[in-house]
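1. I'd like to go over a predicted model; first the sequence, then the structure.
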Amino acid sequence: MTGVNGERPGTGALRPECLADDVQHRNSGGDEVRLPIAFMAVCALAFAASMSATVYFCRSMCCEMEMPGGWTMSMMWMRMRGQTWVASALTFLLMWLAMMVAMMLPSALPTFLKTRRQLPSLCCMAFGYFAIWLAAGVGIYAFGLAFAAVAMRSETFSRAVPLLLSALLIAAGSIQFTHWKMTHLLRCRSPFGCAISCPQHETSFRLGCKQGAACCICCAAPMTIQLALGVMNPLVMIAVATIIAAEKLLPRPAIVARFIGISTIIAGVTFFCVVFLRPA
């Protein structure tokens, strides 16, 4: 006995989204498709390598310079003696890429796996994703150089930096309550859907670039927090990576985002009070 669609009662075809967490399933042609264990192994190796590189860069770039106003500036924004600007930029971008892989890969991996593509396509998708983050690093490096140059030349600006950093924290926390934040967070959490709804005409690299762009926009507030508290501070890295993973993976993303926003605003106000009440 069959139903309307020629299926036995009680054995209707499972929807693709119900199989997202299965180790194996059947595609539309009836062939078995397994989760790309090889890709997951490659990601594990990439994560381990990026963690090691990040630890190395944190140790080699840990030097800081005392600045007027009672804050310290990382020496990574300064060109070392005998180093060209090109070499300095390449060193920063290599550090930035290693840090982004370590911070973003754990929360991005489930999204890659949702597309149910094969190993080469998934690798291209990951390349596109981190290419966008690398491009963001170029902009951050240019901003950091300009910021450091102004701080070195203007004592007035340097003394105002702590207040500016507290304002950045408050602004980053406020962003967490906006409709703009939630729109991009929901897009970042589920940009492609399942394999059946994934645009097949899109190349894997282009899909990865779109996912990377959505993630960059969504993570604007957490990355602002990291820039304000210290790009190369390991504790800040871990905290921001945890925030990003929580926003992307935990249920009730709106509540998670608002909790992070409240915590960030409190931190910004506390930092402002400490700076304002500190003896000159």
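-> It's in.
2. Please count neighbours and contacts with C-alpha atoms only from this point.
-> OK.
3. which strands and helices sit next to the helix or strand that contains L163?
-> For L163, the host element (DSSP states H and E) is helix 155-175. With contacts defined as 3 or more C-alpha pairs under 8 Å, 6 or more residues apart in numbering; DSSP states H and E, helix 155-175 has these neighbours: helix 119-153, helix 220-229, helix 253-277.
4. Identify, out of those helices, the most deeply packed stretch.
-> helix 220-229 (a mean of 20; mean count of other C-alpha atoms under 10 Å).
5. Determine how far it lies from the middle of the whole chain.
-> Put simply, helix 220-229 sits 11 Å off its chain's centre (C-alpha atoms, centre = their mean, to the nearest Å).
6. what's near enough to touch the spatially most central residue of the chain?
-> Taking C-alpha atoms, centre = their mean, the centroid of the chain lies closest to M104, which sits 4.5 Å from it. By C-alpha atoms under 8 Å, 6 or more residues apart in numbering, the contact set of M104 is 241, 244-245.
7. And the helix or strand it falls within, what's buried?
-> Using DSSP H and E, the element containing M104 is helix 85-114. For helix 85-114, the neighbour count (16 or more other C-alpha atoms under 10 Å) marks 88-89, 92-108, 110-114 as buried.
8. Check stretch 226-246 too.
-> Buried residues in stretch 226-246, counting neighbours by 16+ other C-alpha under 10 Å, are found at 226-232, 236-237, 240-246.
9. before we move on, what about stretch 177-184?
-> For stretch 177-184, by 16+ other C-alpha under 10 Å, it's 177, 181-182, 184.
10. same question, stretch 59-66
-> Per 16+ other C-alpha under 10 Å, stretch 59-66 contains these buried residues: M61.
11. What's the end-to-end length of it?
-> Length of stretch 59-66, first residue to last, C-alpha to C-alpha, to the nearest Å: 18 Å.
12. picking up where we left off before, mark which of the contacts of M104 are part of helices, please.
-> 241, 244-245 (DSSP state H).
13. In the stretch 151-280 of the chain, where is pLDDT below threshold?
-> Applying pLDDT under 70 to the stretch 151-280 of the chain picks out residues 191-201, 278-280.
14. ok, now with 90
-> Low-confidence segments of the stretch 151-280 of the chain (pLDDT under 90): 184, 186-204, 207, 210-211, 214, 228-234, 271-280.
15. what about the residue nearest to the centre of the chain, distance to V240?
-> 10 Å.
16. on that earlier part again, tell me what angle the helix holding M104 forms with helix 119-153.
-> Using axes from the mean of the first three to the mean of the last three C-alpha atoms, to 10 degrees, the direction of helix 85-114 lies 140 degrees away from that of helix 119-153.
17. centre of the chain versus helix 85-114, how much separation?
-> 8 Å.
18. thinking again about what came up before, out of the helices and strands packed on helix 155-175, the one nearest I170 is which?
-> Distance to I170, taken as C-alpha to C-alpha, is lowest for helix 253-277 among the helices and strands packed on helix 155-175, at 4.5 Å.
19. Counting by contacts, list what the closest one packs against.
-> Using 3+ C-alpha pairs under 8 Å, 6+ apart as the test, helix 253-277 ends up in contact with helix 155-175, helix 179-189, helix 234-249.
20. what's near enough to touch A257?
-> 176-177, 247.
21. Among those residues, pick out the one closest to A44, please.
-> Closest to A44 out of the contacts of A257 is E247 (21.5 Å), distances taken as C-alpha to C-alpha.
22. Now do the same contact list for that closest one.
-> By C-alpha under 8 Å, 6+ apart, the residues touching E247 are 185, 253, 256-257.
23. go on, Y129?
-> 205, 208-213.
24. Then T264?
-> By C-alpha under 8 Å, 6+ apart, the contact set of T264 is 169-170, 172-173, 225.
25. and the residue nearest to N233 when sequence neighbours are not counted, what pLDDT?
-> Of all residues not flanking N233 in the chain, C58 sits nearest, at 7.3 Å (C-alpha to C-alpha, 6 or more residues apart in numbering). pLDDT, C58: 85.
26. where does the strand or helix carrying C58 sit relative to the chain's centre, distance-wise?
-> Taking DSSP H and E as the definition, C58 sits inside helix 37-60. Mean-position distance between helix 37-60 and its chain equals 15 Å (C-alpha atoms, centre = their mean).
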